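Visitor: build the 3D model from these lines:
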Amino acid sequence: MENASKALIMAAGVLLGVMIISFAVYLFSTFGSYSNDVYLQMEARRMDSFNSQFTKYYGTEQRENPYDINSDKYYNGPILCTVQDVVTIAKLARDSNAKYGVYEDDPNYVSTNPNDMYVTVNLLSLKNKGYNIENWTENKFTDLIQNNTFIEGSTANLKYYYITSIEFMNVTDTLQRVRTVNIDVVDVNKYLEKIE
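Guide: Here you go, the predicted model:
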């Protein structure tokens, strides 16, 4: 009888030990899963924040005539970017490339590796001169701004740009990151509509 009670106590101790270990494994996997979910949420927010720097210039808008605010027409077309916005987008790409160690001094560099974090900004209106602008020098950016900015009394030099397309790369199955931004000059007059 005494041996049977000792055997039951030992069995209960082993069962209790197995239950404690099982509970510990359950907690470990639960917390591990939770921390993984939190990490994925933080990574998604970080990726959204990065992408929004570029995508905020992409889409359509309605606004007053950019050439004449007293006009009887309004603009209804792609989001208009000034030349300063274009330079901002290019410098954001350059800063990102430098951060991820994929910066290239070559102004004509185009990444061929689909998995690297290199962001390319193409100014399509410069196709015959080389349109990859994220690696431009400050002098080239200054020239671009001077040649495309409002001159007092005339809108002849004033150009507006728009993002024609944005290409993304897959970071994970659910996360995408901006890879290429294509920008071109927009014909504002094409999108002017009569105010009803």
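
Visitor: CA only for contacts and neighbour counts going forward, please
Guide: Noted.

Visitor: now do stretch 72-91, average pLDDT.
Guide: Here stretch 72-91 scores 91 as its mean pLDDT.

Visitor: go on, stretch 148-161?
Guide: Stretch 148-161 carries an average pLDDT of 69.

Visitor: and what of stretch 182-189?
Guide: Averaged over stretch 182-189, pLDDT sits at 90.

Visitor: mind listing the strands for the chain?
Guide: 60-64, 73-78, 120-123, 161-170, 176-185, 192-194 (DSSP state E).

Visitor: closest to Asp143 out of these?
Guide: Among the strands of the chain, strand 120-123 comes nearest to Asp143, with 14.2 Å by CA to CA.

Visitor: hang on, the earlier thing: just say which of the strands of the chain is most tucked in.
Guide: strand 120-123 (a mean of 23; mean count of other CA atoms under 10 Å).

Visitor: so who does the residue most central in space within the chain touch?
Guide: With distances taken as CA atoms, centre = their mean, the residue of the chain nearest its centroid is Asn51 (1.7 Å). Asn51 makes contact with 177-178, according to CA atoms under 8 Å, 6 or more residues apart in numbering.

Visitor: same question, Ala4
Guide: Contacts for Ala4 were tallied using CA under 8 Å, 6+ apart; there are none.

Visitor: now with 10 Å?
Guide: Met10 (CA atoms under 10 Å, 6 or more residues apart in numbering).

Visitor: picking that back up, format the strands of the chain as JSON lines; extra columns: distance to Thr88.
Guide: As requested, those are exported to JSON lines (distance: least, CA to CA, whole Å):
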{"stretch": "strand 60-64", "distance to Thr88": "19"}
{"stretch": "strand 73-78", "distance to Thr88": "18"}
{"stretch": "strand 120-123", "distance to Thr88": "11"}
{"stretch": "strand 161-170", "distance to Thr88": "13"}
{"stretch": "strand 176-185", "distance to Thr88": "12"}
{"stretch": "strand 192-194", "distance to Thr88": "26"}
